[in-house]
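Novice: Have a look; sequence and predicted model below, questions after that.
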Amino acid sequence: MSPQAIDELASEYVLGTLSAEQRDEVRQRLASEPELRAAVDAWEQRLLDLTAQAESQQPSPLLWRRIERSVNSARRQTPAQPTTQSWWNMLPLWRGLAGAGIAASVVLASVLMLRGAAVSEPSYLVVLVAPQDKAPGWVVQASNREEIQLIPLGVAEIPQDKALQFWTKGDDWQAPVSLGLVKPGQSLSISLDKLPPLAPNQLFELTLESPTGSPTGKPTGPIQFIGRAVKVI
Amino acid sequence: MSRLRTVQTRLICSDTSPAEQAGVSKDCRRPKLLSVPEPSFDYEACLADCARGEQQALHNLYDQESARLLGVALRIVRDTALAEDIVHDAFIKIWARAASYDASRGSARGWIFSVTRHLALNFMRDNARNASASEFDENALPDDSATVIADSFEYREHSGRIYNCLELLEPARRNCILHAYVDGYSHAQIAAKLGAPLGTVKAWIKRSLSALRECMG
């Protein structure tokens, strides 16, 4: 398909004039054709302001309650319906990760002992996994609540014009706080002296940002790896 | 129809407290600005919070955009209960897919509107597929009697690049674009609405999109 034909298809998809069959076809192709996806994204942005032509309509007071109920019932569902359930709502996943965390801590502790390092056993552990396939990519360990180590389990692949930025957020914090940029495959020791002490369930994540880091000071790019702190018994 | 909606909006707003009326997300105080997004609302951060499973973020987004999203869906599906179903499904989808939102592909606000619009369009097109081709519902089109082509779309003045470029199109062609995008009309519905041959409408739309592309870059 020529670039012009791709652009025409994308424009009519976004405009809304394609038939059901043609729309199905575009949706399927979007997953595997970056050119078509880019053309659709560009047309979405071009035409977005036309949504202002539709007059606002106050929803009935029941609508939010309906949405809330659906979100909560999705949280309660078992992982038997993976299409409707998000990974972060899967209790078994987090239980599994907590177990994996403990196992990893044992491995790490023994590694540290073999190295003869004068480091006490980690008291907190986080396994950061990829949101899509849940593959573990990094481990965060802390032997005390003021300093953490970020340890790669492999070399994450990221686009050349992007950087990985490391973030953390406690349960009661307003927004995530940046812990700086991270190179794939690089170990890092970070002092938390300007932050509250590490707490159980504290969130850690790595997002894809511009090479100089997020311009807004908050995560803007897609989450690459994410996990929560587990206290090691 | 629009008069009725305005009255309804006022009724809903009349029992809100002064504090609520002062709130940024209450649209009723400034009906002229209904479609202008609040610049202070951080849509990207809101989606990131949703991705972390923070339900309050979804609620904030709902307060911020549900009325505009419902307006967009209602124009396409033309039934309030159906439009609320679409907005319901859109928020569930936004919640479930927030982690997959990629800022490099476009604005978070644009993504939210695209999710909603495409759910509404899918519904209409799938419905048309399931109905037999001869059952085209003329009654679904408002004021089908002899409409002057140039005035068939009740155009609301707005600023923005797309509007400058739309101004450059002939009125009939501009209306094709607006009926398709805003009303979700198919080629056949636009042809019926404008009283123009189907082939002509298809060609107008194709050339208008190409002209918009030239104009907007």
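Specialist: Received the coordinates, thanks. Keep in mind the model is a prediction, meaning the values are calculated, not measured.

Novice: helix, strand or coil for the residue in chain A that chain B sits nearest to?
Specialist: Nearest residue of chain A to chain B (CB to the nearest CB) works out as A:Ala52 at 3.5 Å. For every residue, glycine as well, the C-beta is placed using N, CA and C. Going by DSSP: H, G, I helix; E, B strand; the rest coil, the secondary structure assigned to A:Ala52 is helix.

Novice: Quick one: neighbours of it, just the number.
Specialist: Using other CB atoms under 10 Å in any protein chain shown, the number of residues around A:Ala52 comes to 23.

Novice: try the one 3 residues further on
Specialist: By other CB under 10 Å, 22 other residues sit near A:Glu55.

Novice: Wasn't B:Cys215 part of a helix?
Specialist: Yes - with three-state DSSP as the criterion, B:Cys215 is assigned to a helix.

Novice: Quick one: residues contacting the closest residue to it other than its chain neighbours.
Specialist: Ranked by CB to CB, 6 or more residues apart in numbering or on different chains and with sequence neighbours excluded, the top spatial neighbour of B:Cys215 is B:Cys165, at 3.7 Å. Contact criterion CB atoms under 8 Å, 6 or more residues apart in numbering or on different chains gives B:211-212, B:215-216 as the residues in contact with B:Cys165.

Novice: C-terminal to the worst-scoring helix or strand of chain A on mean pLDDT, what's the next element?
Specialist: The least trusted helix or strand in chain A, going by mean pLDDT, DSSP states H and E, turns out to be helix A:91-115, with a mean of 66. Taking DSSP states H and E as the definition, the helix or strand that follows helix A:91-115 towards the C-terminus is strand A:124-129.

Novice: Next, the angle strand A:124-129 makes with the helix or strand that comes right after that next one.
Specialist: Following the chain from strand A:124-129 toward its C-terminal end, the next helix or strand by DSSP H and E is strand A:136-142. For strand A:136-142 and strand A:124-129, the angle between their directions (axes from the mean of the first three to the mean of the last three CA atoms, to 10 degrees) works out to 170 degrees.

Novice: so where's the chain uncertain?
Specialist: You didn't say which chain, so I picked chain A. By pLDDT under 70, the low-scoring segments of chain A are A:76-95, A:99, A:102-103, A:106-122, A:233.

Novice: please go with chain B instead
Specialist: Scanning chain B residue by residue, the ranges that satisfy pLDDT under 70 are B:1-39, B:131-151.

Novice: So A:Leu181 lies in a helix, does it not?
Specialist: No - using three-state DSSP, the assignment for A:Leu181 is strand, not a helix.

Novice: In this structure the residue of chain A closest to chain B contacts B:Arg156, no?
Specialist: Yes - checked against CB atoms under 8 Å, the pair A:Ala52 and B:Arg156 is within contact range at 7.1 Å.

Novice: Which strand or helix spans B:Lys202?
Specialist: helix B:198-216.

Novice: Distance from that helix to the middle of the chain?
Specialist: When C-alpha coordinates are averaged (CA atoms, centre = their mean, to the nearest Å), helix B:198-216 and its chain have centres 20 Å apart.

Novice: How about stretch A:129-137?
Specialist: Centre-to-centre, stretch A:129-137 and its host chain are 9 Å apart (CA atoms, centre = their mean).

Novice: same deal with stretch B:97-113?
Specialist: Chain-centre distance of stretch B:97-113: 17 Å, with CA atoms, centre = their mean.

Novice: Does at least one residue of it sit close to chain A?
Specialist: Yes - looking at stretch B:97-113 against chain A by CB under 8 Å from any CB of the partner chain, the contacts come from B:99-107, B:109-111, B:113.

Novice: Which residues are in contact with the residue most central in space within chain B?
Specialist: In chain B, the C-alpha closest to the average C-alpha coordinate belongs to B:Val72, at a distance of 2.7 Å (CA atoms, centre = their mean). When the contact criterion is CB under 8 Å, 6+ apart, the partners of B:Val72 are A:51, A:54, B:113, B:116-117, B:120.
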